[in-house]
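Undergrad: sequence isn't available, so here's the structure alone:
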C-alpha cells in the first residue's frame, strides 16, 4: 500500500488505567455530578441528585457507583440516605490521565 507520508510513531504507552478513569467521567450526567461535588461546600445527599437530574433513582445510583468504583467520589450512609463528596485527589487523577494522553513525545 502506498503511503501519503512517512509513518507516524504510535504512542508506546498502555493507557488502560487512564482509559478506565476517563470512561467513568465520559458521561454528561456523571460530569454534572462531579462538577456539583467539586463546588459543594459540604457533602451532597443522593436525594439532591435524584431531584436535579432527569434520571430515575436507580440510574442516579448507578452513575454514583461508577464514580465511586473509579475512586472519584466517596460516600457515607446515614440512615436511609447516602451522602457524597469528591474523593481526595480526584481532580489530580483526572488531570494526570488527560495529561498523560496528550503529553508530547520525548525524543529517545
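TA: Now that the structure is in, tell me what you want to look at. From a predicted model like this one, the values you see are computed outputs, not experimental measurements.
Undergrad: output the below-cut-off pLDDT ranges for this protein.
TA: Scanning the chain with the threshold set as pLDDT under 70 gives 1, 10-13, 104-108.
Undergrad: all helices for it, in order.
TA: According to DSSP state H, the chain carries its helices in the segments 16-25, 28-39, 46-52, 57-69, 90-102.
Undergrad: by contact count, what packs against the shortest one?
TA: To tie it back to what came earlier, the one meant is helix 46-52. Under the contact definition 3 or more C-beta pairs under 8 Å, 6 or more residues apart in numbering; DSSP states H and E, helix 46-52 sits against helix 28-39, helix 57-69, strand 81-86. In this view, the C-beta of every residue, glycine as well, is placed from N, C-alpha and C.
Undergrad: one more time with 6 Å, if that's ok
TA: Based on contacts counted as 3 or more C-beta pairs under 6 Å, 6 or more residues apart in numbering; DSSP states H and E, the elements that helix 46-52 packs against are helix 57-69.
Undergrad: flag every buried residue along the helix it packs on.
TA: 60, 63, 64, 66, 67, 68 (16 or more other C-beta atoms under 10 Å).
Undergrad: tell me the angle that helix makes with helix 28-39.
TA: In terms of direction (axes from the mean of the first three to the mean of the last three C-alpha atoms, to 10 degrees), helix 57-69 departs from helix 28-39 by 60 degrees.
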